[in-house]
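*Asks:* Kindly return the folded structure for what I paste below:
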Amino acid sequence: MRCLRVLLVIFCFVDCLQPAAAQLSCSDVTPIVGSIGYQRRLNADRCEGFYQQQVSGSLEFLSLVKGTINYDLASDRTLVVSAPNLSQFGSSQVFLTARALRPGTYYRMDAAIASGGTFRWPINAVLAPANLPSNAIGVVAWINRELGKYYVPVSVVPENVATPASRPPVMILRSSLDIEILKWRSRQESGQNKIKDWITFGGPQPTIIRAGQPISLDLSEQPSGSLVVEIAVKYANQGRLQTEPFRIIVP
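*Replies:* Here you go, the predicted structure:
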């Protein structure tokens, strides 16, 4: 009986790991031909590679990482993505998508990991052969809740490199159109806390943000919990600001 109970525990544990891989269909984009085309990687729990150009929306959310991503294509072999424990938000699974920050580079990696877990991301499969350096990659993670996606900051470091104790999350956006003005502010999703003032990207006299240019927003000094980050954008040759909210969980 004792052996039977041990086997049941093992089966339950393995079964709990299956949904993460099962939800990766690897069919959301059209891959290019060849070994670095977007596909489910052999004996791996991720889909990764290059895909054919798709028509994108005006504003894309490309990255939410603690600090910066920093790896060396020649010496590093594996990246470790660490997700925060989100059990208090009723989620046992975190979804990941990595994208190229450079316009015209259609790279993508998708994976799903346990809340509070880590994901090992080999560099030699696609990143190294395609010569994609660390400043060309963004990673965004999220959980699904009733109101939609809630984004969470993750850390991305080379294997055998200690994760720094605290680094402020950096949010990276990209627009397919030129932007004349971009403002942002944050507020707690619930409660009566005061909404912060608008912050203008680029300061009092901002310059045009060109289409395809990565836009980095420092989210330091944000309170923990569920936040709503509002992005207000005035696109070139358009009359008014358009506001888009992003829900973010700061552990």
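*Asks:* Residue 29 touches residue 108, doesn't it?
*Replies:* Yes - applying Cβ atoms under 8 Å, one finds residue 29 in contact with residue 108, separated by 6.5 Å. Backbone N, C-alpha and C define where each C-beta goes, glycine included.
*Asks:* Need the overlap of contacts for those two.
*Replies:* Common contact partners of residue 29 and residue 108 (Cβ atoms under 8 Å, 6 or more residues apart in numbering): 38, 51.
*Asks:* Which residue is the nearest non-sequential neighbour of residue 107?
*Replies:* Distance criterion Cβ to Cβ, 6 or more residues apart in numbering; nearest residue to residue 107, sequence neighbours excluded, is residue 100 at 4.1 Å.
*Asks:* Quick one: neighbours of that neighbour, just the number.
*Replies:* Counted with other Cβ atoms under 10 Å, residues neighbouring residue 100 total 18.
*Asks:* what are the bridge partners for it, then?
*Replies:* Listed beta-bridge partners, residue 100: residue 137 (assigned using DSSP bridges).
*Asks:* which residues touch it?
*Replies:* Residue 100 neighbours (Cβ under 8 Å, 6+ apart): 106, 107, 108, 132, 136, 137, 138.
*Asks:* Quick check: phi and psi on the third one?
*Replies:* When you say that, I think you mean residue 108. Reported as degrees, to the nearest 10, the phi and psi values for residue 108 are phi -160, psi 140.
*Asks:* how close does it get to residue 130?
*Replies:* Residue 108 sits 12 Å away from residue 130 when distances are taken as Cβ to Cβ, to the nearest Å.
*Asks:* Quick check: residue 95 vs residue 46, distance?
*Replies:* Counting by Cβ to Cβ, the gap from residue 95 to residue 46 is 11 Å.
*Asks:* joint contacts of those two?
*Replies:* By Cβ under 8 Å, 6+ apart, the residues touching both residue 95 and residue 46 are 110, 111.
*Asks:* In the stretch 101-250 of the chain, where is pLDDT below threshold?
*Replies:* The model of the stretch 101-250 of the chain has pLDDT under 70 over residues 191-193.
*Asks:* Mind telling me what element residue 48 is part of?
*Replies:* According to DSSP states H and E, residue 48 maps onto strand 46-50.
*Asks:* actually residue 102, not the one I typed
*Replies:* Here residue 102 is covered by no helix or strand, with elements defined by DSSP H and E.
*Asks:* Let me know whether it touches residue 135 as I believe.
*Replies:* No - look at residue 102 against residue 135 with Cβ under 8 Å: they stay out of range, at 9.3 Å.
*Asks:* what about the two, which has more around it?
*Replies:* Using other Cβ under 10 Å as the criterion, residue 102 and residue 135 rank with residue 102 on top: 16 against 13.
*Asks:* What residues are bridge-paired with the closest residue to residue 201 other than its chain neighbours?
*Replies:* Excluding its sequence neighbours, the residue lying closest to residue 201 (Cβ to Cβ, 6+ apart) is residue 182, at 4.2 Å. With DSSP bridges as the criterion, residue 182 is bridged to residue 233.
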